[in-house]
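**Student:** I need the structure of the sequence given here:
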Amino acid sequence: MKKPITANQPSQFELQPIVAALNMGQLEQAQALAKKLLKQYPKSFALFNLYGNALAGQNKFKEAIESFRNALQIDPTIAELHFNVGILLTNLNRIDEAISSYKKAVSLKPSLTDVHYNLGTALQSQAKFAQAAISYQKAVDLEPGFFEAIVNLGVVLQEQGLLGQAIEMYQRALTIQKDAKVYFNMGTALKNEGKLEAAIESYNQALALNPNYAEVHSNIGEVLRDQGRYDESVTFYKQALMFEPDLPVANYSLAVYLYDSGDLEGAIEHFQRSQFADWEERSLYCLYKTGRFDEFKQGLDQLKAVKHNSPFLATLAGHYAENFDVENDYNFCPNPMDFVFHTEIKELKGENSELRRRLLEEIRSADVSEKMQGRLVNGVQSAGNLLKRPEPVFQELAKLVADAVERYRQNFAGANCEFMNSFPKKTEIASSWYVRMKQGGHLNSHIHEEGWISGAMYLALPSNKTHEHEGSIEVSTHGDDYPKRHDNFSTKAIAPEVGDFVMFPSSLFHRTIPFSSDEERICIAFDLKPM
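**Tutor:** Sure, this is the predicted structure:
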């Protein structure tokens, strides 16, 4: 928009040297000329705009913002200038202010595609994924071939667990441009959907474009692990580390493989190199299981002093205290057996439960890969996050699980421990899966290291029992072959009925007691953890 020339406004002749200096990249000269002329024309929109551009070009972002805002005080209707201010604020990591500027720009001129895109990236950086998706979608609507906006829309949809929609966006982006990062993102979405073979295919497409893509090699290893192809998975972890020796996730995944294989010394080395996720707790686990109790106790005390909300650390601290008959001073969940909750989902009860019928039908026919689980005997486990799948029956069950978790929260409200004080405010299912067992099926003792609260709802159970606890779930303060000096650990067996729901702290050991009848035992399990 052209500003009218008045007695208080510079002429085009006076502005021309500044414009010329900007066009020639002589930014300091343009700054000096504009600053000098502003003394004569302190109400000139054009001068403040030119002065701001000269400052911005020299990365003098704060001064440039001040100049642009002076211009906007004279005329606040220029959408492009609000956009420029937003960009500079983003560069200064003043994201809330940047978002306000971008929103002002699009309210004045909704057709500015780049503003919608930048608003999306700002919202995404604050984990406001649903809002970011709206902005990216507007950018794509305005420019259907906007590759970066389509990819980022896929990312924020994936962050919300909308995996099918995210995959559609990645596929659309790949029709515009073949890109290794997009194939990588699509592979992770397919993996989380439980489509393991499709995930590997997508990862291989990424490697065809970038053979040295370390994260892709690492993720292929994770998929192979889930398929039970353990030796092959190690090859890919090592390949990833050949390209990027300090890649955290590859070091961590290799450490977990060594950890599960019994090479605890080797596992410690890679956990410490990874500095990833719960590497400190897992290092302590390795020390404890190899009997290096003095080192373990020293590390335990150091970690307890700085990390107050770790379920895995609670397992280690609790077991050590009970094993060595000392006080457990880690107040995450010092008495986990007190927080076992046996309830029901009434919609799953009764022989004529329509929801249970639909769930069993979907489980037996769903396009979900099976995941190998080393602790599971005579059974299969689904891959991906079952309660994040798009099928209506799983979405319906997810809401019922959220309701049950809320009952759990209310039941234990007021308990004086970090487990309840920091209980996740939002019920976000971190992982969920079905487990189908046949005759002789059972699950060996374990904890869910990455959970906060874990649970299982029961859809089918063996009825012909030789003793009352066949097929029951057993919770205990001891398990997983931890070293023990006595047998006085707390243990409780729960015999659920069809439609029942059992929840407990993820730090508590649990296992399934084997059953002998020729029937199927089917449950859906889940982990909840803070996001």
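
**Student:** can we go C-alpha only for contacts and neighbour counts from here?
**Tutor:** Fine.

**Student:** the helix or strand of the chain with the lowest mean pLDDT pairs with which strands, and in what direction?
**Tutor:** Using mean pLDDT, DSSP states H and E, strand 370-371 stands out as the lowest-scoring helix or strand of the chain, at a mean of 84. Strand 370-371 has the following sheet partners, assigned by DSSP bridges: strand 376-382 (antiparallel).

**Student:** and the partner strand, average pLDDT?
**Tutor:** For strand 376-382, mean pLDDT is 93.

**Student:** mind checking how far Ile78 is from Lys138?
**Tutor:** 20 Å (C-alpha to C-alpha, to the nearest Å).

**Student:** which residues does the closest residue to Ala149 other than its chain neighbours contact?
**Tutor:** Beyond its immediate neighbours in the sequence, the residue positioned closest to Ala149 (C-alpha to C-alpha, 6 or more residues apart in numbering) is Tyr136, lying 5.5 Å away. Contact analysis of Tyr136 by C-alpha atoms under 8 Å, 6 or more residues apart in numbering lists His116, Tyr117, Gly120, Ala149, Ile150, Asn152, Leu153.

**Student:** same question for Glu63.
**Tutor:** Taking C-alpha under 8 Å, 6+ apart, one finds Gly52, Leu55, Ala56 in contact with Glu63.

**Student:** most neighbours among those, which one is it?
**Tutor:** Counting neighbours by other C-alpha atoms under 10 Å, Gly52 leads these with 28 neighbours.

**Student:** looks to me like it is in a helix.
**Tutor:** Yes - the assignment for Gly52 is a helix, going by DSSP: H, G, I helix; E, B strand; the rest coil.

**Student:** pretty sure it is touching Lys60, no?
**Tutor:** No - with contact defined as C-alpha atoms under 8 Å, Gly52 does not reach Lys60; the gap is 9.0 Å.

**Student:** okay, strands next: where are they in the stretch 201-350 of the chain?
**Tutor:** 341-344 (DSSP state E, counting those that start in this stretch).

**Student:** shaky segments in the stretch 101-250 of the chain?
**Tutor:** Along the stretch 101-250 of the chain, no part satisfies pLDDT under 70.

**Student:** list phi and psi for Phe509.
**Tutor:** Here is the backbone geometry of Phe509 (degrees, to the nearest 10): phi -70, psi 140.

**Student:** so Tyr257 versus Ser233, what's the distance?
**Tutor:** Taking C-alpha to C-alpha, one finds Tyr257 at 9 Å from Ser233.

**Student:** those two: which is more packed in?
**Tutor:** A count of neighbours by other C-alpha under 10 Å puts Ser233 above the other of Tyr257 and Ser233, at 25 against 22.

**Student:** for the more buried one, which non-adjacent residue is closest in space?
**Tutor:** Ser233 sits nearest to Gly221 (C-alpha to C-alpha, 6+ apart), 3.9 Å away.

**Student:** OK, contacts around the one you found?
**Tutor:** Gly221 touches Glu232, Ser233, Val234, Thr235, Phe236, Tyr237, counting by C-alpha under 8 Å, 6+ apart.

**Student:** okay, those residues in TSV with distance to Asn331 next?
**Tutor:** Below are the contacts of Gly221 laid out as TSV (distance: C-alpha to C-alpha, whole Å):
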residue	distance to Asn331
Glu232	41
Ser233	38
Val234	37
Thr235	41
Phe236	40
Tyr237	36
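
**Student:** buried residues of stretch 175-185, list them for me.
**Tutor:** Asp179, Ala180, Lys181, Val182, Tyr183, Phe184, Asn185 (16 or more other C-alpha atoms under 10 Å).

**Student:** actually stretch 489-506, not the one I typed
**Tutor:** Buried, per 16+ other C-alpha under 10 Å, within stretch 489-506: 493-506.

**Student:** end to end, how far does stretch 185-203 reach?
**Tutor:** Using C-alpha to C-alpha, the end-to-end distance of stretch 185-203 comes to 9 Å.

**Student:** I'd like the average pLDDT over whichever helix in the chain runs longest.
**Tutor:** Counting residues, the longest helix found in the chain (DSSP state H) is helix 392-412. Mean per-residue pLDDT for helix 392-412: 95.

**Student:** next SSE downstream of that helix?
**Tutor:** helix 418-421 (DSSP states H and E).

**Student:** separation between Phe526 and Gly194?
**Tutor:** 15 Å.

**Student:** so for the two, which sits in the more crowded spot?
**Tutor:** Neighbours per residue (other C-alpha under 10 Å) separate Phe526 from Gly194, with Gly194 holding more: 25 against 22.

**Student:** domain parsing for the protein?
**Tutor:** Using automatic domain parsing, the domain parsing of the chain gives 12-223, 339-528.

**Student:** among those, which is the most enclosed?
**Tutor:** Among the domains of the chain, ranked by average contacts under mean count of other C-alpha atoms under 10 Å, first place goes to domain 12-223 (a mean of 20).

**Student:** distance between the ends of that one?
**Tutor:** 65 Å.

**Student:** quick one on the thing from earlier: and the furthest pair within the buried residues of stretch 175-185?
**Tutor:** Greatest spatial distance in these: Asp179 and Asn185, 10.2 Å, computed using C-alpha to C-alpha.

**Student:** residues in contact with the closest residue to Glu519 other than its chain neighbours?
**Tutor:** Spatially, and ignoring its direct neighbours in sequence, Glu519 is nearest to Pro462 (5.4 Å; C-alpha to C-alpha, 6+ apart). Pro462 is in contact with Glu470, Gly471, Phe515, Ser517, Asp518, Glu519, Glu520, Arg521, counting by C-alpha under 8 Å, 6+ apart.

**Student:** picking up where we left off before, among the buried residues of stretch 175-185, which lie within helices?
**Tutor:** Using DSSP H, the buried residues of stretch 175-185 in helices are Ala180, Lys181, Val182, Tyr183, Phe184, Asn185.

**Student:** so the second one makes contact with Ala206?
**Tutor:** Put plainly, it is Lys181. Yes - the criterion here is C-alpha under 8 Å, and Lys181 meets it with Ala206 at 6.9 Å.

**Student:** what touches both of these two?
**Tutor:** If you check Lys181 and Ala206 against C-alpha under 8 Å, 6+ apart, no residue is contacted by both.

**Student:** what's the average pLDDT for the helix or strand where Lys62 lies?
**Tutor:** Assigned by DSSP H and E, Lys62 falls within helix 61-74. Mean pLDDT, computed over helix 61-74, is 94.

**Student:** contact partners for the closest residue to Ser310 other than its chain neighbours?
**Tutor:** Distances taken as C-alpha to C-alpha, 6+ apart place Phe332 nearest to Ser310, at 7.1 Å, with adjacent residues excluded. Applying C-alpha under 8 Å, 6+ apart to Phe332 gives the contacts His308, Asn309, Ser310, Pro311, Ala314, Cys417, Glu418, Phe419.

**Student:** again with Glu468
**Tutor:** Ala495.

**Student:** A strand includes it, no?
**Tutor:** No - going by three-state DSSP, the assignment for Glu468 is coil, not a strand.

**Student:** and the pLDDT at it?
**Tutor:** You'll see Glu468 listed with a pLDDT of 90.

**Student:** any idea how far Asn335 is from Glu327?
**Tutor:** 12 Å.

**Student:** ok, those two, which is more surrounded?
**Tutor:** Legend: neighbour count by other C-alpha under 10 Å for Glu327 and Asn335, higher for Asn335 (16 against 12).

**Student:** pLDDT value on the nearest residue to His469 once chain neighbours are set aside, please?
**Tutor:** Once flanking residues are discounted, His469 sits nearest to Ala495: 5.8 Å by C-alpha to C-alpha, 6+ apart. pLDDT, Ala495: 96.

**Student:** fine by me, thanks again.
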